[in-house]
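Asker: the following comprises the amino acid sequence and a computationally predicted model.
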Amino acid sequence: MTSERRSKTLTAVLMITPFVITYLTVFAYPVYKMFALSFTNAPLVGEGEWVGFDNYLKLLNQKLFFTSVWNTGYFVVLTVIPNTLIGLGLALMVVRLKGWLQSLILVLFFLPYILPVSVVTQIWEWVLDQQFGIAQHVIEFVTGRRISVFRDPLWAMPMVALVTIWWTNGFNLLLFIAGLRNIPTDYYEAAMLDGATRWQCFKRITWPLIWPVTALVLTLQLILQLKIFDQVYLMTEGGPFNSTYVLLQLVYREAFRLNHGGLGSAVAVFLFLIIVTVSVLQYQLLRVRGR
């Protein structure tokens, strides 16, 4: 038995060793290096001198830092809950379809998700172009004039959020479809026999049973949207007047443009701690609410 246990232990160690090595190399060491650099005045490449908390104090005295924190939070508000609710609503409609029609609709909704961000932003720059964009007809009908949305501080961030929802919602849709398919149809049949309406079926059956998937989608969306960078950089570059300047763009500015590796690492540490803290708290609160 001892020999067999040793053999199993050795097999288990050999099986997990590639993952452990990859994890330490790709994730753990870079995170350690990020924390270490944040306490130095190092450039992007090379060593620096220990400066303690000076980088963090500089951030607290930097107006652009607070602007980027605010804009990141604003973007999260515009995307996380709306994206989740839209995905759930679409899933409730698509799950009622059958056969090839359901497959076709799923493909159409999921197709944007597999597109590169550069393609997505290019498509929407054409759609929202002030002179030739087809979406300008809707904007003109609502506001009475055409608007260069990515050059207007009031419109820029909501439009980036709209593009993000259109781009990423297909993934949420698939998660909700999977969750809805796991709900036994017997529950609905029994409820209908008792005279329950569709709203009552949703409130008493669908919503409680789909809640774990909803909590997962909300957590994933929160993490993803806190890391917003690509769409903002390609569409607005943080403008106009820093109205779309986000935390990852500040990391890019300090580390890659100004060669302030230590200060850029401090911003990255701040964002890392926000993501870990907020996502863990949200997921635990959602689990408690689900129970």
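Answerer: It's in.
Asker: when you work out contacts or count neighbours from here on, use the C-alpha atoms and nothing else.
Answerer: Fine.
Asker: in the host helix or strand of Phe176, what counts as buried?
Answerer: Element membership for Phe176 (DSSP states H and E) is helix 156-181. Going by neighbour count (16 or more other C-alpha atoms under 10 Å), the buried part of helix 156-181 is 156-177, 179-180.
Asker: now stretch 70-87
Answerer: For stretch 70-87, burial by neighbour count (16+ other C-alpha under 10 Å) applies to 70-72, 74-76, 78-80, 82-87.
Asker: which strands and helices sit next to the longest helix anywhere in the chain?
Answerer: Criterion DSSP state H: the longest helix present in the chain is helix 63-94. If you count contacts as 3 or more C-alpha pairs under 8 Å, 6 or more residues apart in numbering; DSSP states H and E, helix 63-94 packs onto helix 99-110, helix 156-181, helix 207-226, helix 247-252.
Asker: avg pLDDT for the helix holding Phe176?
Answerer: Mean pLDDT, helix 156-181: 93.
Asker: and it, what does it pack onto?
Answerer: On a contact count with 3+ C-alpha pairs under 8 Å, 6+ apart, helix 156-181 meets helix 63-94, helix 99-110, helix 117-127, helix 207-226, helix 230-235.
Asker: how does it look with 6 Å?
Answerer: Using 3 or more C-alpha pairs under 6 Å, 6 or more residues apart in numbering; DSSP states H and E, the elements in contact with helix 156-181 are helix 63-94.
Asker: from the chain's centre, how far out does the helix it packs on sit?
Answerer: 8 Å (C-alpha atoms, centre = their mean, to the nearest Å).
Asker: report the angle between that helix and helix 99-110.
Answerer: Here helix 63-94 points in a direction 170 degrees away from that of helix 99-110 (axes from the mean of the first three to the mean of the last three C-alpha atoms, to 10 degrees).
Asker: secondary structure class for the closest residue to Tyr245 other than its chain neighbours?
Answerer: Nearest non-adjacent residue to Tyr245, counting by C-alpha to C-alpha, 6 or more residues apart in numbering: Gly238, 4.0 Å away. Here Gly238 is recorded as coil under DSSP: H, G, I helix; E, B strand; the rest coil.
Asker: distance of the closest residue to Gly87 other than its chain neighbours from Ile105?
Answerer: Counting by C-alpha to C-alpha, 6+ apart, Leu173 is the residue found nearest to Gly87 once chain neighbours are left out, at 4.7 Å. Here Leu173 is placed at a distance of 11 Å from Ile105 (C-alpha to C-alpha, to the nearest Å).
Asker: same question, Gln225
Answerer: Going from Gln225 to Ile105 by C-alpha to C-alpha gives 25 Å.
Asker: more neighbours: these two, which one.
Answerer: Gln225 (20 against 13; other C-alpha atoms under 10 Å).
Asker: the residue lying closest to Val80 once chain neighbours are set aside and Gly46: what is the separation?
Answerer: With sequence-adjacent residues excluded and distances taken as C-alpha to C-alpha, 6+ apart, Val80 is closest to Gln221, at 5.5 Å. To Gly46, Gln221 is 35 Å away according to C-alpha to C-alpha.
Asker: much appreciated, bye for now.
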